[in-house]
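Peer 1: test case, fold it:
(2 chains)
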There are 2 protein chains.
Amino acid sequence: MPHAIPTEISCDTPVPPARRARGGRAAMQVRRGTGAGAGVNPLHVPYITRGIPTHDIASEESLEAIIATADRILAEIGIEFREDPETVRLFQQAGGKAREVGPEAWNVTFEPGLIRGLLATAPAEFTQHARNPAKSVRIGGKSMVFAPAYGSPFVMDLDKGRRYGTIEDFQNLIKLAQSSPWLHHSGGTICEPTDIPVNKRHLDMVYAHMRYSDRAFLGSITAPERAEDSIEMCRILFGAEYVDSHCVIMGNFNSTSPLVWDGVSTRGIRAYAAAGQGSIHLPFLLGGAVSPLTMPGAIAQCLAESMVGCALTQLVRPGAPAILGSFLSSMSLRTGSPTFGTPEPALGSLVMGQIARRLKMPLRCAGNFSTSKLPDGQAMTQAMMSMMSAVNGGANFILHSAGFLDGLLSMSYEKLMLDMDMCGALHAWLKGLEVNEDTLAFEALAEKGPGEHMFGCAHTLRHYETAYWDSGLDDNTTYETWSEAGGVDAMTRANGAWKAVLATYEAPPLDAGIEGALCDFIAQRKSEMADAWY
Amino acid sequence: MPHAIPTEISCDTPVPPARRARGGRAAMQVRRGTGAGAGVNPLHVPYITRGIPTHDIASEESLEAIIATADRILAEIGIEFREDPETVRLFQQAGGKAREVGPEAWNVTFEPGLIRGLLATAPAEFTQHARNPAKSVRIGGKSMVFAPAYGSPFVMDLDKGRRYGTIEDFQNLIKLAQSSPWLHHSGGTICEPTDIPVNKRHLDMVYAHMRYSDRAFLGSITAPERAEDSIEMCRILFGAEYVDSHCVIMGNFNSTSPLVWDGVSTRGIRAYAAAGQGSIHLPFLLGGAVSPLTMPGAIAQCLAESMVGCALTQLVRPGAPAILGSFLSSMSLRTGSPTFGTPEPALGSLVMGQIARRLKMPLRCAGNFSTSKLPDGQAMTQAMMSMMSAVNGGANFILHSAGFLDGLLSMSYEKLMLDMDMCGALHAWLKGLEVNEDTLAFEALAEKGPGEHMFGCAHTLRHYETAYWDSGLDDNTTYETWSEAGGVDAMTRANGAWKAVLATYEAPPLDAGIEGALCDFIAQRKSEMADAWY
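Peer 2: Numbering: from 1, shown residues only, chains lettered A, B, ... in the order given. Predicted coordinates for the structure are as follows:
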């Protein structure tokens, strides 16, 4: 199974010949292949192209039963839409049956297959363009994109423990993620910058992604006008014309499970779709609280909710990029607390992958989940179980690939480093094994024959630099060497690593005119609003 | 994909009607379903029956190319046998071409397919019987058996750090493993009891397995007479007649890679096979040192070496249980040290699983590998990557399922606990998802409809006790609760856990007459030999 390492971005969206207005993409191109070691190690790629088959655990019959249950949920129970009559109108127009169920609340039911039919115009794959074109990412098909964790109000490090995130943390975390060759995307709310007013936060967050990373990123979704601001800033960065015809930003939208889409989300979805930008449609399903405890039911519900969000984009602008989302979690029987990185949701993620491929939709799924409060053995056991399900299940966009701790309440500086290193190992995993005369290595064994070591044989010399993934954080020395060096554990090494990366971080070049225009826009928008803290 | 949980042991080997001599199996039966919580949790089983499909990553063409390369290695390079002319004679008689290459050393080549043909009489599946029949294990097919790590000279715990293992450690570790419902087999050299003379060690080790565990176990392989002693002790425990017709003990034999089988191993293999007992045939392949760096070549070599060991058993006694073995490892480019828990060997393990199924042979493969020197985040990241490859690859006997640290140089008390807990999670993983009307849970969503939490719905109440795996070691409480309780990490909890288990451990009942006979045998054998420390 030879594996083709992508050497360039798929060119479904050629750069337009002319640029205009406040910038344009060519203006902020930086050197190709920038970043820590990019271009040196053949595992360094702008995104992964999966070289191993997915791990398919559900039978065709099971998949059909789950999809049929999603259809039945939509037909017999329906989805409740709140505070967005335009979305209800769009779904009615498409064949949904609406019924008012409260003030500004409508239940809409859909004949079996209606919603799935609306997905026909959604792209199976698309490119999200980065300001550095060498870092644009392909989303869908065999592509896999790793992005850091998203949405924690707290940050943690070993020095200062847990505290509310600030804009300084936000910037630091973007810089750390940008510095790793094993992530492909800058993510979005890498932590909540709680020292900035809620109604102005998004401006500083989007700016930090644009300024401190040259990768693709996610914009604001907390209010429709903040979504619009995020897209407007992209027009400054990329040029308005370019933005209209290319996906350069995405929003990550949560349904209000079970079976509700609120107006803040649906209006945000409509804003991104109308601008031709991408959106992720994510039910956050905590089993027993907002979804059935049994995975097949949770998957059916997830599918029903997520498909409706995706379908809305197609009613607004057919062809707009939309990503199915799945975030399945469990709970501890003993405490009632949510648990992450457990086996049942991991199995569910494999099945979601099968369903997404059947629907020909890109999938966001799972990540490096954990409920541990430290980047310890528990954290990494849980993270690896969850992350392996994402990559073996063929998820295309893996938000929460790094830093997730404390049940998503905290972004951990140290776990970010450990997870990014693990993401490197997963590059080697997903590359798979190439079987050919050279790798079958008959000559290597024949060269010296039985009983002779192979350190110096020609095959070894030819392959030793590239045969194995080599972690940048693991300690693989002897006990004696490790012990003499202080006997430190992985989280302590990770603590040193993030400090070293921040100390040498250099921001990718950004055209001064564009930077000025972004700052002007932010200042203008901030001056128009009084601070709001809710 | 419904999953049938095995409720009793497959009865391919009915208990004979009459027992005689020094014991007999019925005499040491203990209560069925003993052990920590066994029989309560439906995940507690004497061994796992895989309920999810394997993750097959290699194409048919690739598998054929690897097998053809193994055949070519055997035909054109050959295997060197040392200090065991009888084994050479057996292989010559079977069609191998022998050529003397040194004092007591012969190179034997085999026509393509000859060795694979000899495996035709080896059982695809077999039962290893435990002294507690409820704990007998099935090895092969869809069965999976977890056993603790094997062979470390050192032990580690957080209190005393690393030191040479003693017989007290050996006994403690057997007791801890026996106390976990998530292992199925007592393993073998759980650590080296270095305070006992080398030539007498095996007697105390086998006794410890028999006395402190009621599960199946591995015997000595370090000298043919020690293999014979191990089997003789089984005759005392199970009755000689029973042993002759049932597999009750196995030996784990290493080839001397590349492509050598030494006489200590082959004479041991012959001893186990002659007694109708099981054997594992394990090349320990450190890429670049004793095997090619590229996985397809390492797998081909592994297959060649392991098949030859398995074939020897069939020449001695057709039908004797034999297990293909695979232990693939990598090295750090920066230090030249072996590395464990890395992605390339994990991919190799998946492929070995495919090949073993094709050959209809049981497979021992991978485990909870790590090169970390502490049971920290590195340890568990590496362990999980390796262990997931074992279980997703369909390995049947997973030695090193718990405790492996420090590149196998140390058995860690704390990692033993963490790994055993992870093995519990893997029970849930391997059970898979059952898709049916109840688990699809349409009624659960319909009961209250959109926007209503599901804590109290009938489906939740029916399933909440069994829906999710619940770790016994993880801390899934809130940050505040965890912090108020001292904010301890996973390894510290594991430290408390092993002490608590040892404090309440009770040995499974053993007939006093048998115990006395075992002790008499050990005393007699020890009196016949002067202490030897090499």
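Peer 1: CA only for contacts and neighbour counts going forward, please
Peer 2: OK.
Peer 1: helices of the stretch 301-450 of chain A, residue ranges please.
Peer 2: Per DSSP state H, counting those that start in this stretch, the stretch 301-450 of chain A has helices spanning A:343-359, A:377-392, A:413-431, A:437-440, A:442-448. These are given in chain order.
Peer 1: what's the neighbour count on A:Glu465?
Peer 2: When counting by other CA atoms under 10 Å in any protein chain shown, one arrives at 15 neighbours for A:Glu465.
Peer 1: how about the contacts made by it?
Peer 2: Contacts for A:Glu465 were tallied using CA atoms under 8 Å, 6 or more residues apart in numbering or on different chains; they are B:Leu333.
Peer 1: remind me which helix or strand it belongs to.
Peer 2: Using DSSP states H and E, A:Glu465 falls within no helix or strand.
Peer 1: if I look at it, how far off is B:Thr294?
Peer 2: Distance check for A:Glu465 against B:Thr294: by CA to CA, to the nearest Å, it reads 11 Å.
Peer 1: dump the helices of the stretch 301-450 of chain A to CSV, plus mean neighbour count, mean pLDDT and distance to B:Arg138.
Peer 2: Conversion of the helices of the stretch 301-450 of chain A to CSV gives the following (neighbours: other CA atoms under 10 Å in any protein chain shown; pLDDT from 0 to 100; distance: least, CA to CA, whole Å):
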stretch, mean neighbour count, mean pLDDT, distance to B:Arg138
helix A:343-359, 25, 98, 24
helix A:377-392, 28, 98, 26
helix A:413-431, 25, 98, 31
helix A:437-440, 20, 98, 33
helix A:442-448, 19, 96, 35
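Peer 1: I'd like those helices as TSV, with distance to chain B appended.
Peer 2: Conversion of the helices of the stretch 301-450 of chain A to TSV gives the following (distance: least, CA to the nearest CA, whole Å):
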stretch	distance to chain B
helix A:343-359	5
helix A:377-392	4
helix A:413-431	5
helix A:437-440	4
helix A:442-448	6
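Peer 1: who wins for proximity to A:Tyr47 among the ones you listed?
Peer 2: If you check each of the helices of the stretch 301-450 of chain A against A:Tyr47 by CA to CA, helix A:413-431 wins as the nearest, at 9.4 Å.
Peer 1: any idea which element A:Val155 lies in?
Peer 2: Secondary structure from DSSP H and E places A:Val155 in strand A:154-157.
Peer 1: the very next helix or strand once past that strand close to chain B?
Peer 2: Next helix or strand after strand A:154-157 toward the C-terminus (DSSP H and E): strand A:161-164. No: remark: strand A:161-164 sits outside contact range of chain B, by CA under 8 Å from any CA of the partner chain, the gap being at least 9.0 Å.
Peer 1: how far is strand A:161-164 from where the chain is centred?
Peer 2: Put simply, strand A:161-164 sits 24 Å off its chain's centre (CA atoms, centre = their mean, to the nearest Å).
Peer 1: and for stretch A:152-172?
Peer 2: Between the mean C-alpha position of stretch A:152-172 and that of its chain there is a distance of 20 Å (CA atoms, centre = their mean).
Peer 1: now do the same contact list for the residue in the stretch 1-150 of chain A positioned nearest to chain B.
Peer 2: Of all residues in the stretch 1-150 of chain A, the one sitting closest to chain B is A:His55 (5.1 Å; CA to the nearest CA). Contacts were defined as CA under 8 Å, 6+ apart; by that measure A:His55 touches A:Leu350, A:Asn392, A:Gly393, B:Thr54, B:His55, B:Asp56.
Peer 1: now do the SS call for the fifth one.
Peer 2: Read it as B:His55. At B:His55 the chain is in coil, as set by DSSP: H, G, I helix; E, B strand; the rest coil.
Peer 1: pLDDT score assigned to it?
Peer 2: Predicted confidence (pLDDT) at B:His55: the value is 98.
Peer 1: look up phi and psi at it.
Peer 2: As for B:His55, its main-chain torsions (degrees, to the nearest 10) stand at phi -100, psi 100.
Peer 1: which parts of the stretch 201-350 of chain A sit against chain B?
Peer 2: The stretch 201-350 of chain A has residues A:256-260, A:288-298, A:300, A:330-335, A:337-339, A:342-344, A:346-347 near chain B, with proximity defined as CA under 8 Å from any CA.
Peer 1: return the members of these classed as buried.
Peer 2: Among those, those classed as buried by neighbour count (16 or more other CA atoms under 10 Å in any protein chain shown) are A:256-260, A:288-298, A:300, A:330-333, A:337-339, A:342-344, A:346-347.
Peer 1: narrow the residues you listed to those in strands?
Peer 2: Judged by DSSP state E, the subset of those located in strands is A:Val260, A:Ser330, A:Met331, A:Pro338, A:Thr339.
Peer 1: now those residues in a markdown table, with distance to A:Ile139?
Peer 2: Below are those laid out as a markdown table (distance: CA to CA, whole Å):
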| residue | distance to A:Ile139 |
| --- | --- |
| A:Val260 | 27 |
| A:Ser330 | 27 |
| A:Met331 | 31 |
| A:Pro338 | 29 |
| A:Thr339 | 28 |
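Peer 1: any regions of chain A where pLDDT drops low?
Peer 2: Under the criterion pLDDT under 70, the flagged ranges of chain A are A:1-40.
Peer 1: residues in contact with the residue most central in space within it?
Peer 2: For chain A, the residue whose C-alpha lies nearest the mean C-alpha position (CA atoms, centre = their mean) is A:Leu399; its distance is 2.5 Å. Contacts for A:Leu399 were tallied using CA under 8 Å, 6+ apart; they are A:Phe146, A:Ala147, A:Pro148, A:Ala149, A:Tyr150, A:Gly187, A:Arg364, A:Cys365, A:Ala366, A:Gly367.
Peer 1: for A:Tyr464, same thing?
Peer 2: Under the criterion of CA under 8 Å, 6+ apart, the contact list for A:Tyr464 reads B:Gly288, B:Leu293, B:Leu333.
Peer 1: lovely, talk soon.
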